[in-house]
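> attaching a predicted model along with its sequence, questions to come.
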Amino acid sequence: MKKIVSISLGSSKRNHRVELDILGEKVSLERIGTDGNFSRMFDLIKEQDGQVNAIGLGGISLYLFAKNKRYIIKDALKLKNLVKKSYVVDGALIKNNWENKVVFTLFNQGIINNKTKTLVVSAVDRYSISEALSQIGCPLIFGDFLFALGLPFPLRTLKSVDIVASLLLPILTYLPMSFLYPVGKKQDESEPRFTHYFDWADLIAGDFHFIRRYSPLDLKGKLILTNTVTSEDRELLKERGVKLLVTTTPEWEGRSFGTNVIEGLLVSFLDKPPDEVTNEEAEKFLERISLRPRIDFLNP
């Protein structure tokens, strides 16, 4: 049996485990939250190393992206360097080789068009989504300053994201992850911020924990493009009036797992580290497992 475990800085309330049959093999997928406890995450990673095929880093990204450059988050690099035997993944391969295709699927199905006003809560975390939306011609606001830093500076073009990223990410990637992203109990708390940008948008795209924490309670008629939602998250969005929920990864037994789990599947089946996987290999594998987004009308 192939085993993939995602060890996350996020809430332990979101823990989940499933066993699936994928390409004729039994696969165990598990997510373990550490409630923002970095020491606990260290211990779990060392404990699981060599016991599973792949370890996913959850609630933290190893890389942020802008244009053709990637920036390494130093907290995540410390975690990666703990792993000696298993493969270690953060989901970047899936974000860069799959999530942009989901955007074009929505476009081809007529769900979005070049007039769909879109708020991307963090472009450097979801750069391929941002590129695809920009190519379609959607009016865009990128919330990297708004939600990661709490500063009232919306970005409206990918070029501005690239410029800001080149100036700030070499510095910001040295900061603790908790400074840039909701971890632990903060993932379960609501703290609406810059809500007029949410009100402006028809489509809200990006990491679910940014969306959950900072969005207003009223999301009537909105489209949400995100990942890693539980059945409770789905009900929360339905209660807030969300019209359509799209998750870039499929639902397995009540929740969609993070991109790091899907990438863990990828490297486990290909039996090679993520840096050695080509884009063509990644795309072919995702086709083989028939990866599909979940498109869910919550309030038609």
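Received it, and whenever you're ready, just let me know what you need.
> and stretch 26-37, average pLDDT?
Mean per-residue pLDDT for stretch 26-37: 95.
> to clarify, my last question referred to stretch 60-76.
What stretch 60-76 shows for mean pLDDT is 92.
> so where is the stretch 51-200 of the chain shaky, pLDDT-wise?
Across the stretch 51-200 of the chain, not a single residue meets the criterion (pLDDT under 70).
> quick one: the helices in it?
74-80, 92-94, 100-108, 127-136, 158-172, 177-180, 195-200 (DSSP state H, counting those that start in this stretch).
> now those helices as CSV including distance to residue 206 and mean neighbour count?
Where C-beta positions appear, they are placed from N, C-alpha and C, glycine not excepted. Compiled in CSV, those are given as follows (distance: least, CB to CB, whole Å; neighbours: other CB atoms under 10 Å):
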stretch, distance to residue 206, mean neighbour count
helix 74-80, 18, 17
helix 92-94, 15, 24
helix 100-108, 12, 19
helix 127-136, 7, 22
helix 158-172, 13, 16
helix 177-180, 14, 17
helix 195-200, 12, 15
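> for residue 117, which of those is the nearest?
Comparison of those against residue 117 by CB to CB identifies helix 195-200 as nearest, at 6.0 Å.
> give me the most central residue, this protein.
residue 207 (4.8 Å; CA atoms, centre = their mean).
> hang on, isn't residue 294 packed against residue 252?
No - assessed by CB atoms under 8 Å, residue 294 is found out of contact with residue 252, at 10.2 Å.
> using a markdown table, lay out the helices of the stretch 51-200 of the chain together with distance to residue 119.
Below are the helices of the stretch 51-200 of the chain laid out as a markdown table (distance: least, CB to CB, whole Å):
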| stretch | distance to residue 119 |
| --- | --- |
| helix 74-80 | 25 |
| helix 92-94 | 22 |
| helix 100-108 | 14 |
| helix 127-136 | 10 |
| helix 158-172 | 13 |
| helix 177-180 | 18 |
| helix 195-200 | 5 |
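> re earlier: residue 267 versus the residue nearest to the centre of the chain, what's the distance?
22 Å (CB to CB, to the nearest Å).
> ditto for residue 255
For residue 255 relative to residue 267 (CB to CB), the value is 21 Å.
> who's more crowded, the two?
Each of residue 255 and residue 267 has its neighbours counted (other CB atoms under 10 Å); residue 267 has more, 25 against 21.
> what's the span of stretch 210-229 from first residue to last?
Using CA to CA, to the nearest Å, one end of stretch 210-229 lies 12 Å from the other.
> that one - what's its average pLDDT?
Stretch 210-229 comes out at a mean pLDDT of 96.
> that stretch: which residues count as buried?
Residues 210-216, 219, 222-229 are the ones in stretch 210-229 that count as buried (16 or more other CB atoms under 10 Å).
> mind checking which of those residues are in strands?
Here DSSP state E is the test, and the buried residues of stretch 210-229 give 223-226 as lying in strands.
> let me have these in CSV, extended by distance to residue 196.
Shown next, in CSV, are those (distance: CB to CB, whole Å):
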residue, distance to residue 196
223, 18
224, 18
225, 20
226, 20
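> which of those residues lies closest to residue 151?
Closest to residue 151, out of all of those and judged by CB to CB, is residue 226, at 22.8 Å.
> so who does that closest one touch?
Taking CB atoms under 8 Å, 6 or more residues apart in numbering, we find residue 226 in contact with 204-208, 211, 245-248.
> related to what we said a few turns ago, wait, which of the helices of the stretch 51-200 of the chain is closest to residue 4?
helix 92-94 (12.6 Å).
> so how far is that closest one off the chain centroid?
Counting by CA atoms, centre = their mean, to the nearest Å, helix 92-94 is centred 10 Å from the centre of its parent chain.
> how far does the longest strand along the chain sit from the chain's center?
In the chain, taking DSSP E as the definition, the longest strand is strand 25-33. In terms of CA atoms, centre = their mean, the centre of strand 25-33 is found 18 Å from the chain centre.
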